[in-house]
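**Q** structural data only, the sequence is not supplied:
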């Protein structure tokens, strides 16, 4: 009962809408008290904030958030979508594919799936409606395209997984590139198939090559930031922390050049960065407390022993784990899922012979699916509110993309080299 009661209380608190950090702290404190005594609990509560927040790599989170804030101030995302649409205009489903590419590009300077979905809802859905897309299809394309930001570096989700697992954050960020591209291609191909089966009377405008080349100027800032951040990490010239600081400074220069960086917007960007960073920091501290409870009760050790006693293929156990993540994604947000599962599941996965770097990418990809599936589906609600589209229409339209991404998960499980190859070549 000592083991199960804190988990039960944690899920009850989350079900009643208690913030993740508070739920973790309360459930973890109760578990530590039941497993040890009050003196041990007081000692852990005293030491946890310092030990949890002194990780050097934690600095990447506020820097990447600040980079995204400054890029938001620059206001070039809308222009980027229009530029990409000029190149995809003559392709069937071109406006939808432009949304996918914009989602990937926005992910390269944001790392936030929710922010990407909200931006795409405002910039791409009106254009898709003009091309004859139904509200359900336009909303679902925007919602699913926003998820690419979770894999394309700088991904806050990958950084969070690295902090929880101890896996190199630099390797994780590089490992997300190929799967991120594959996710974008999978979504784009799904759009092509849908429009092949149900053609739309799309109205294309012919742009000259000069106009297309002129439009590439908008992509310059994104390319520079991507090379500045990811390129330096890949080459080994800079650490993720150093690259994130350079990325934030580069975004500041871009915002200043755009002419939109007023004193009030600069202050707002700093305030938003501090608010989000403080929230994440609190979650990390409370997750640290809950982690002590898991350590004291030996849950991970018992799971590894149990799995070792089973006479089944490791892939059977992996299939159960994948199913568990899909179910959790229906009810919990990404950070909650990572905090609850990584400390327990990752040692089990590595004991089965699977690579923790590869497993992190699989987990994030499964989380992508979770943020567009009911009843939580945060990206769907964000798009619904931003574009004033009924939630049920978007949920209905997004399910075909969910099936496509599940197929991609199977491919990455069958061919782990697709994930591990690029990090193995980095500096």
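**A** Cool, got the structure. This one's a predicted model, so the numbers in the text were calculated from it and none came from an experiment.
**Q** stretch 223-230: which residues count as buried?
**A** Buried residues in stretch 223-230, counted by 16 or more other CB atoms under 10 Å: 224, 225, 226, 228, 229, 230. C-betas here are computed from N, CA, C, even on glycine.
**Q** pLDDT and secondary structure added to the residues you listed, as TSV?
**A** Compiled in TSV, these are given as follows (pLDDT from 0 to 100; DSSP: H, G, I helix; E, B strand; the rest coil):
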residue	pLDDT	secondary structure
224	79	helix
225	80	helix
226	80	helix
228	80	helix
229	82	helix
230	82	helix
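**Q** from these, pick the one nearest residue 246.
**A** residue 228 (5.4 Å; CB to CB).
**Q** who's in contact with the closest one?
**A** Taking CB atoms under 8 Å, 6 or more residues apart in numbering, we find residue 228 in contact with 243, 246, 247, 250.
**Q** show me which positions of stretch 93-109 end up buried.
**A** Counting neighbours by 16+ other CB under 10 Å, one finds that the buried residues in stretch 93-109 are 93-109.
**Q** can you check stretch 412-427 too?
**A** Those buried within stretch 412-427 under the rule 16+ other CB under 10 Å are 412, 413, 416, 418, 419, 420, 422, 423, 426.
**Q** pick out the lowest-pLDDT one from the residues you listed.
**A** Note: of those, the lowest pLDDT belongs to residue 426, at 76.
**Q** does it really touch residue 231, like I thought?
**A** No - checked against CB atoms under 8 Å, the pair residue 426 and residue 231 is beyond contact range at 10.4 Å.
**Q** tell me how far residue 239 lies from residue 279.
**A** Between residue 239 and residue 279 the distance is 24 Å, computed by CB to CB, to the nearest Å.
**Q** the two - which one has more neighbours?
**A** Neighbour totals were compared for residue 239 and residue 279, and residue 239 leads with 17 against 14 (other CB atoms under 10 Å).
**Q** wait, the more buried one sits on residue 245?
**A** No - taking contacts as CB under 8 Å, residue 239 lies outside contact range of residue 245: 9.7 Å.
**Q** now the longest helix seen in the chain: buried residues?
**A** Longest helix of the chain, by residue count under DSSP state H: helix 263-297. For helix 263-297, burial by neighbour count (16+ other CB under 10 Å) applies to 265-266, 269, 273, 276-277, 280-294, 296-297.
**Q** ok, the residue sitting nearest the centre point of the chain - contacts?
**A** Centroid-nearest residue in the chain: residue 150, 2.3 Å away (criterion: CA atoms, centre = their mean). Residues near residue 150 by CB under 8 Å, 6+ apart: 107, 113, 157, 158, 334, 364, 367, 368, 371.
**Q** residue 407 versus that one, what's the distance?
**A** 18 Å.
**Q** and what of residue 139?
**A** 22 Å.
**Q** same check on residue 392?
**A** For residue 392, the distance to residue 407 equals 25 Å [CB to CB].
**Q** and for residue 361, the neighbour number?
**A** 26.
**Q** please apply the same query to the one 5 residues further on.
**A** The tally of other residues near residue 366 (other CB under 10 Å) stands at 22.
**Q** how about residue 68, nearest residue that isn't a chain neighbour?
**A** residue 110 (4.3 Å; CB to CB, 6 or more residues apart in numbering).
**Q** coming back round to it: quick check: the farthest pair among the buried residues of stretch 412-427?
**A** Distance extremes for those: the farthest pair is 413 and 426 at 22.7 Å, using CB to CB.
**Q** what about the stretch 251-400 of the chain, any weak spots by pLDDT?
**A** 299-304, 307-308, 376 (pLDDT under 70).
**Q** go again with 50.
**A** Along the stretch 251-400 of the chain, segments meeting pLDDT under 50 are nowhere present.
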